[in-house]
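Engineer: My questions are about this predicted structure, shown below with the sequence.
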Amino acid sequence: MLSRDTPALFFERVMGDDELEVLRRDLTEIINQGYECEEKLNSLTYGTFWKPKGAAAVNAVESYIDVVIGWLGEQGVEVEGAEWWWQEQGGADEPKEFHTDCDLHIKEDGESCKVHPAISSVFYFSHEGGPTCVVDQEQHSGDLVPPHPTKAVFSFPTPAKLLLFHGTLWHGVLPPPTPITSLRLTL
């Protein structure tokens, strides 16, 4: 599935318009109600949610996650669950800076450690905003390895598009080619 030669995969229209609207409506309701996440034991990361594999879905986002987890299993990728969050970007907002996805944990000895997901993803609700750029660099002790990317993948937003990539890879959102006229919403 994902490898050094294939650092990212794109899947267009992973759901129909009706399913996409249910997901958008449910996520908008979650955002508007100030959805609170359960505190994660020994975690320093806030604002993300954990959906364990096999646990009952409590909203449309988690139902969608169940579908993705099932599909990954069919591809031979077994996961324990999925951490999820959303990002909103309006016309005056700066694009998401380059980063790696990680959760910060406190170990029993009091030291902190970063845990990267096996697979990171971006799900797009619309055409709004700039492309997500994923490069073949990882962050080790604050340094990017290799120092300069040798490969880059660009995923332009389209409704119901799913981007998957290695969870350790450096990625961010580039400025949009045209001004954002409505909210850019991603999972």
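Structural biologist: Thanks, I have the structure now.
Engineer: make it CA atoms for all contacts and neighbour counts henceforth
Structural biologist: Fine.
Engineer: So Ile65 sits against Ala82, correct?
Structural biologist: Yes. The pair Ile65 and Ala82 qualifies as a contact (CA atoms under 8 Å) at a distance of 7.1 Å.
Engineer: any idea which residue of the protein is furthest from its center?
Structural biologist: In the chain, Asp109 marks the outermost C-alpha relative to the chain mean, sitting 30.0 Å out by CA atoms, centre = their mean.
Engineer: Quick check on that one: phi, psi?
Structural biologist: With angles defined as degrees, to the nearest 10, Asp109 sits at phi -80, psi 0.
Engineer: low-confidence ranges in the chain?
Structural biologist: Along the chain, segments meeting pLDDT under 70 span 35-47.
Engineer: what about the strands in it?
Structural biologist: Applying DSSP state E to the chain gives strands spanning 8-11, 49-52, 81-84, 87-89, 103-106, 112-115, 119-124, 132-140, 143-145, 152-155, 161-166, 169-173, 184-186.
Engineer: Make a markdown table out of these and add distance to Leu20 and mean neighbour count.
Structural biologist: Output for the strands of the chain, formatted as a markdown table (distance: least, CA to CA, whole Å; neighbours: other CA atoms under 10 Å):
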| stretch | distance to Leu20 | mean neighbour count |
| --- | --- | --- |
| strand 8-11 | 14 | 16 |
| strand 49-52 | 19 | 18 |
| strand 81-84 | 17 | 16 |
| strand 87-89 | 16 | 14 |
| strand 103-106 | 28 | 16 |
| strand 112-115 | 30 | 14 |
| strand 119-124 | 10 | 20 |
| strand 132-140 | 20 | 19 |
| strand 143-145 | 36 | 13 |
| strand 152-155 | 19 | 17 |
| strand 161-166 | 10 | 22 |
| strand 169-173 | 22 | 21 |
| strand 184-186 | 12 | 21 |
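Engineer: Pro95 is nearest to which of the ones you listed?
Structural biologist: Nearest of the strands of the chain to Pro95, taken as CA to CA: strand 169-173 at 5.4 Å.
Engineer: send the alpha carbons of the closest one over as PDB?
Structural biologist: Coordinates of each C-alpha in strand 169-173 appear next as PDB, following Å, rounded to 0.1, in the frame of the first residue of the first chain:
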ATOM      1  CA  LEU A 169       6.200  12.500   6.900                       C
ATOM      2  CA  TRP A 170       6.500  16.300   6.900                       C
ATOM      3  CA  HIS A 171       3.400  18.000   5.400                       C
ATOM      4  CA  GLY A 172       1.500  21.200   5.300                       C
ATOM      5  CA  VAL A 173      -1.000  23.300   3.200                       C
END
